[in-house]
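Student: Sequence and predicted model, in that order:
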Amino acid sequence: MDDFGITDPGGKARGTDAASWTSPRTADPDEDFVYDGEYCEHDEVVGWVPAQPDAVELVLEVATMEAVFAAQRLARIDQLRLEALDDVTRYGGGARELIERSVRLELAAALRITENQAGMLMYRAEALVHRYPTVWNSLAHAGMTERHATIIVDELAPLEPEVAARLVEKVRDLAETLAIGPFRRALRRLIDKELAPTLSARHEHAVRRRRIFVEPEADGMSWLHALLPSVEAHAIHGRMTAKGKALLAAQVGGEGGSQPDDRTLDEIRADILCDLLLDGIVPAHPKDVQGIRPTVVVTVPALALLGADGDGPHEPAIVEGVGPIPIERARELAGTATSWIRVLTHPETGVVLSVGRTRYRPPPDMVALTKWRAERCMAPGCGVPASRCQIDHSLAWEDGGETSVVNTAPLCQGHHTIKHHGGWRVIQTGDGSLLWISPSGRQYTVAPERRLPVFRVDPPESRPERAYSPG
């Protein structure tokens, strides 16, 4: 057992050479200890100095602590989930899925992580504590890293329970002996061998998971990922490559007196993909989906849009759900693209809208302003763009709430449901922020991305008088 009370699965005490001596770092200095296989007293070994851990050993000690703490965190997350399921009244008294969604929101807000990350923590905690307890026990004793345990859960998740149960012991042994890379490959080989007879059926099922998603990058860029069948994926890449090489060859040949193309093959492939996806028309598609152009909200500072650079930098142009884009691109979009919603902002102007209790449904202008102010769902940590959200009355209409920008906020479908049925309370603070009070009583404030501007009109007495000249 080492300084942290953890016994290494191999039986050795960390930081010692068990073949020669046992470190007395935590022992009583008056007691005997082992040296060269014999019991000795401290004063029998002249000049004896306890071994000091080197830099690598210090790193290993921290790694051991990380594994132990990771196991404890997962166990406590699962305990939080179980307590919520036992105390359904505090969490809204809804269905199991709704209670777990409410717990997920509270966990994400408390740890300051995304709900997706919180959901994965809850899933992995439940899997390790209840389905793979031997894996959790190995992690708790630093037999493997948290990354090993995560890979085990993620790779065994698609398998039938009985198949996973047959493999888990072998998988644990691999995790305790192999580094991450070799372990992942060995695990995949083990699973592929086990499932070889059902490959065709599994591929058919996997094809239903094909999808495209975007991952934001820096400097106004994003990754466009596509999960596709392998044959089609390589064929698409091959076609992009062939087209790119053909374009480069045409440029080298100087056909039509065109200017040389200084793009790399990677750049050309990306441009071809954009051209095909944005402007390409597939005859087999229905006419009502051919040539569809998206509507995107772009917020552009008025002074920057007009080119009034002034003495210092201005706020960047913002694309809803994407982030900042170069002002030159924003000027181009604002001037030529009719399908873009353009919101010109100025640091001292704006408008406040309200229809009070005269109508429940907010008018389109109020909806647009409310969503523009928030930019995203106003739940803790949520990143769903406001354009895909519902407008919620913070103080419910049936409870006397007004339809105004100071009592409405955009919430995505999931958080709209949690707000009404998940045991949470939501209060407008007066400046556009929402105060979320969780079932456990913790409070989280969510501020909108932008403040609500107000038009200022000079009073009559402050306006300059106009000189009157008869005739």
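Tutor: Done, it's in.

Student: any low-confidence regions in the stretch 301-450 of the chain?
Tutor: For the stretch 301-450 of the chain, applying pLDDT under 70 flags the ranges 301-316, 318-324, 327, 329-359.

Student: swap that for the stretch 51-200 of the chain, please
Tutor: When residues are selected by pLDDT under 70, those of the stretch 51-200 of the chain lie in 199.

Student: Just the helices from it, written as ranges.
Tutor: With DSSP state H, counting those that start in this stretch, the ranges of helices along the stretch 51-200 of the chain come out as 55-86, 96-111, 115-126, 133-140, 146-156, 161-175, 180-195, 199-207.

Student: what helix or strand is Glu449 on?
Tutor: Per DSSP states H and E: Glu449 is located in neither a helix nor a strand.

Student: burial count for Arg451?
Tutor: A count of nearby residues for Arg451, using other C-beta atoms under 10 Å, gives 12. Every C-beta, even on glycine, is put in place using the N, C-alpha and C of the backbone.

Student: which residue packs closest to it, ignoring adjacent ones?
Tutor: Taking C-beta to C-beta, 6 or more residues apart in numbering as the measure, Arg451 lies nearest to Gly432, with 6.9 Å between them; neighbours along the chain are not counted.

Student: got it, and Leu74?
Tutor: The nearest residue in space to Leu74 (C-beta to C-beta, 6+ apart) is Ala125, at 4.1 Å.

Student: Would you check that that neighbour makes contact with Ile77?
Tutor: Yes: in this structure Ala125 lies within contact range of Ile77 using C-beta atoms under 8 Å: 4.3 Å.

Student: Just give me the neighbour total for Gln413.
Tutor: Gln413 has 12 neighbours, counted by other C-beta under 10 Å.

Student: Spit out the contact partners of it.
Tutor: Gln390 (C-beta atoms under 8 Å, 6 or more residues apart in numbering).

Student: can you redo the helices of the stretch 51-200 of the chain as CSV with distance to Pro283 and mean neighbour count?
Tutor: Putting those into CSV (distance: least, C-beta to C-beta, whole Å; neighbours: other C-beta atoms under 10 Å) gives the following:
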stretch, distance to Pro283, mean neighbour count
helix 55-86, 51, 15
helix 96-111, 42, 20
helix 115-126, 38, 18
helix 133-140, 52, 20
helix 146-156, 40, 19
helix 161-175, 44, 16
helix 180-195, 39, 14
helix 199-207, 24, 11
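
Student: a markdown table for those, including distance to Arg263?
Tutor: Formatted as a markdown table, the entries for the helices of the stretch 51-200 of the chain read as follows, by distance: least, C-beta to C-beta, whole Å:
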| stretch | distance to Arg263 |
| --- | --- |
| helix 55-86 | 45 |
| helix 96-111 | 42 |
| helix 115-126 | 36 |
| helix 133-140 | 48 |
| helix 146-156 | 38 |
| helix 161-175 | 45 |
| helix 180-195 | 34 |
| helix 199-207 | 34 |
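
Student: which stretch among these comes nearest Trp436?
Tutor: With C-beta to C-beta as the criterion, Trp436 lies closest to helix 96-111 of those, at 7.1 Å.

Student: Quick one: list the elements packing against the closest one.
Tutor: Packed against helix 96-111 by the contact rule (3 or more C-beta pairs under 8 Å, 6 or more residues apart in numbering; DSSP states H and E) you find helix 55-86, helix 115-126, helix 413-421.

Student: which SS class is Ala233?
Tutor: Taking DSSP: H, G, I helix; E, B strand; the rest coil as the rule, one finds Ala233 in the helix state.

Student: ok, it - how many residues close by?
Tutor: Residues lying near Ala233 (other C-beta under 10 Å) number 13.

Student: Now for it: which residues touch it?
Tutor: Ala233 makes contacts with Ala226, as judged by C-beta under 8 Å, 6+ apart.

Student: Do you know the pLDDT at it?
Tutor: For Ala233, the model assigns a pLDDT of 82.

Student: how much space is there between it and Pro158?
Tutor: With distances taken as C-beta to C-beta, to the nearest Å, Ala233 is found 20 Å from Pro158.

Student: Likewise for Ile191?
Tutor: 9 Å.

Student: Could you save the helices and strands packed on helix 96-111 as TSV and add columns showing distance to Ala270?
Tutor: TSV is the format used below for these (distance: least, C-beta to C-beta, whole Å):
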stretch	distance to Ala270
helix 55-86	39
helix 115-126	27
helix 413-421	34
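
Student: Nearest to Lys371, out of the ones you listed?
Tutor: Taking C-beta to C-beta, helix 413-421 is the member of those nearest to Lys371, at 13.9 Å.
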